[in-house]
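S.K.: What shape does this take:
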Amino acid sequence: MNIFVIMKRTFDTEEKINVNGGQIDDSGAEFIINPYDEYAIEEAIVLRDEHGGEVTVVTVGTEDAEKELRTALAMGADKAVLIDSEDVEETDQFTTATLLATYLKDQEIDIILGGNVAVDGGSGQVGPRVAEMLGMPSVTTITKLTIDGTKATIVRDVEGDEETVEVSLPVLVTATQGLNEPRYPSLPGIMKAKKKPLETLDLDDLDLEEEDVEAKTKTVEIFLPPQKQAGKILEGETDAQVKELVSLLKSEAKVI
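M.R.: A predicted model of the protein is given here:
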């Protein structure tokens, strides 16, 4: 099987986000593979081990993303591709999806896996956009995947319930928590990853101009939510507490 994983480099989920001058300050921040993409990588490796073939992990970003690609290779992926977006001034989901789809359209594909959302942006758009651009079906928030020949049987999460669908390959799926338990890179895997192929492509390699991938959206403002104020503990008899609570909801919270 020809298995591809679309991956994103994101802030470590333990990082404290700082905003300076209306921009996210990532100086000194730790970055990781987007946690939902780890489920996709793990599932891709499981599929390869079961059906044969190879796993290629693809990301859009700068050369800093090589670290996360090497981590994916250490987990067990066979090849990695970095689509360098450094020359693109403004990027959004359209930009990322266009770059990925342009690369993927020339590949022989059985299945593409990705994370359901990225923990930084959380839009969940890139996977379905790529599928639309490639003209293939997509299934999101999957929690179980079984492939038999050219057919995939998929269980997906639908707001606390489950839906089972059947779809013909090729297909793009996005993974969510519960699909599997991602492995940690082993020491032998880390050593092998250093010798595995990691290809870097730019706009010229993809025969694209900057205007072809120009962002369709613009970020107007970035700000942190207001700090939470300390709560109040109401004391006294129940009737008095109820009256005080109603008064506070009207005068301070202004919700009634």
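
S.K.: what domains does the record give for the protein?
M.R.: According to automatic domain parsing, the chain comprises the domains 2-213, 230-256.

S.K.: Would you check that A175 makes contact with N116?
M.R.: Yes. A175 is in contact with N116 according to Cβ atoms under 8 Å; the separation is 6.1 Å. In this view, the C-beta of every residue, glycine as well, is placed from N, C-alpha and C.

S.K.: who's more crowded, these two?
M.R.: Shown here are A175 and N116; by other Cβ atoms under 10 Å, A175 has more neighbours (28 against 23).

S.K.: quick one, what contacts that one?
M.R.: Y36, D37, Y39, A40, E43, L113, G114, G115, N116, I142 (Cβ atoms under 8 Å, 6 or more residues apart in numbering).

S.K.: Pick out the most distant pair among the residues you listed.
M.R.: Greatest spacing in the contacts of A175, by Cβ to Cβ: D37 and I142 (13.4 Å).

S.K.: What number of residues are in the vicinity of M191?
M.R.: 11.

S.K.: Can you verify it is assigned to a helix?
M.R.: Yes. Under DSSP: H, G, I helix; E, B strand; the rest coil, M191 sits within a helix.

S.K.: before we move on, back to that, got any residues that touch both of A175 and N116?
M.R.: By Cβ under 8 Å, 6+ apart, the residues touching both A175 and N116 are Y36.

S.K.: Residue ranges in the stretch 151-256 of the chain under the pLDDT threshold?
M.R.: Within the stretch 151-256 of the chain, no stretch has pLDDT under 70.

S.K.: All good on my end, thank you.
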